[in-house]
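Participant: take a look and give me a structure for this.
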Amino acid sequence: MGEKKKKRTGRVVAIVIACILALLSGFYFYVSDYYHASDAAVAAITSPAEGIEVEEYKDKMIVFRPEKPVAGLIFYPGGKVDYKAYAPLMQKFADNGVLCVLVHMPFNLAVFGSNAADGIPEQFPEIEDWYMAGHSLGGAFASKYTKSHAQEFRGLILLGAYSCYDLTDTDLKVACIYGSQDGVMNFDKYEKNRKNLPDNHIENVIDGGCHAYFGDYGEQKGDGVASISVEEQMETTVDLSMQIIKDNNEQ
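Facilitator: The predicted structure is shown next:
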C-alpha cells in the first residue's frame, strides 16, 4: 500500500508540475505577442523636436521635457502595446508645454504596474499641476490610480477608455476622448461606467479616428478603419486634452 501511495503522489506531483509549466508557457506566448512601436515612434525618442529634451530610463519611463513646462502628465500605455508607441503623442503634449512621463508596464500590461506613477511627481518639484492619462487598459488603471491619489492630480484624460472607479466625489477635471471608428472599446461598458465620472466631465469624439491611433503601432485587431491619419488623430487628441489643462491653469 505504501508503494502504491508513493506512486499516486508522484503522479499527482507530475501533473501539477505539467499544469504549472503549461500555464507559464501560455502566459509567455501571450505577453510575447504584442504591438510594437513604429520606426517613427522610436524616432520621436531618439531625435526629438527642437526645444524638447528626452530622458530615457530603461524599462521604467521616458520623460519628455519642454523648456518651460506649465504642467505634468503621467501616461499609462494600452494593453499589449510597446510603451514607446506613444512617444509621438507625448512629443505633441510637450510641444504644448506639458512635461510628459511615459511609463513602462511589466509585460506591457498596466495590470502589473497599476502603481507605476508612485513617486513621479516628487521627482519634478518644479511642476505644480499634474494630470493622469491612459489609453485603453492603461486608461482604466490610470483612473484607478487617480481615484486613490485624487488630491495629487488636477485631472484625468481617458483615451478610448472608461473609469470603473467612482470619481464623482473628486474635484478632478476629466476628459474622455475616443474615435468614431473605434472597434475595440466596449461601448456598453463605457455607457455603464459613465456614472463614475464627475458631472462636468468632457466627452469628445474624434471624427474618423480609431482605437489604435492614440499610439503609433499600426493597425489593431478588431479595430475600425480610420479615415484620418495617426498624425491627425494625435494632434486632435492633444488639442482636446489641452482644454482641461488650460482651463485649470487659468483658474
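Participant: for this structure, which residues score under the pLDDT cut-off?
Facilitator: 1-33, 247-251 (pLDDT under 70).
Participant: can you give me the strands for it?
Facilitator: Secondary structure of the chain (DSSP state E): strands at 52-57, 61-66, 71-76, 98-103, 130-135, 155-159, 173-179, 202-206.
Participant: right, so of those, which gets closest to residue 34?
Facilitator: Closest to residue 34 of those is strand 130-135 (C-beta to C-beta; 13.8 Å). In this view, the C-beta of every residue, glycine as well, is placed from N, C-alpha and C.
Participant: re earlier: now the strands of the chain as CSV including distance to residue 193 and mean neighbour count?
Facilitator: Shown next, in CSV, are those (distance: least, C-beta to C-beta, whole Å; neighbours: other C-beta atoms under 10 Å):
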stretch, distance to residue 193, mean neighbour count
strand 52-57, 33, 14
strand 61-66, 28, 21
strand 71-76, 17, 26
strand 98-103, 23, 25
strand 130-135, 14, 28
strand 155-159, 10, 28
strand 173-179, 10, 24
strand 202-206, 13, 17
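Participant: chain center to stretch 194-201: distance?
Facilitator: 20 Å (C-alpha atoms, centre = their mean, to the nearest Å).
Participant: can you give me the buried ones in that stretch?
Facilitator: By neighbour count on 16 or more other C-beta atoms under 10 Å, the buried set for stretch 194-201 is 196-198, 201.
Participant: wait, which of those is closest to residue 166?
Facilitator: Among these, and counting by C-beta to C-beta, the member closest to residue 166 is residue 196, at 4.9 Å.
Participant: now the strands of the chain as CSV including distance to residue 240?
Facilitator: Supplementary listing: these in CSV, determined by distance: least, C-beta to C-beta, whole Å:
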stretch, distance to residue 240
strand 52-57, 21
strand 61-66, 19
strand 71-76, 14
strand 98-103, 13
strand 130-135, 12
strand 155-159, 9
strand 173-179, 6
strand 202-206, 5
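Participant: can you tell which of the ones you listed is closest to residue 109?
Facilitator: strand 71-76 (10.5 Å).
Participant: can I get that closest one as PDB, trimmed to CA atoms?
Facilitator: Taking C-alpha atoms only, strand 71-76 is exported to PDB below (Å, rounded to 0.1, in the frame of the first residue of the first chain):
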ATOM      1  CA  ALA A  71       2.000  71.100 -16.200                       C
ATOM      2  CA  GLY A  72       3.000  67.500 -15.900                       C
ATOM      3  CA  LEU A  73       1.300  64.400 -17.400                       C
ATOM      4  CA  ILE A  74       1.800  60.800 -16.400                       C
ATOM      5  CA  PHE A  75       0.700  58.400 -19.200                       C
ATOM      6  CA  TYR A  76      -0.300  54.700 -18.900                       C
END
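Participant: please consider this matter closed, and thank you.
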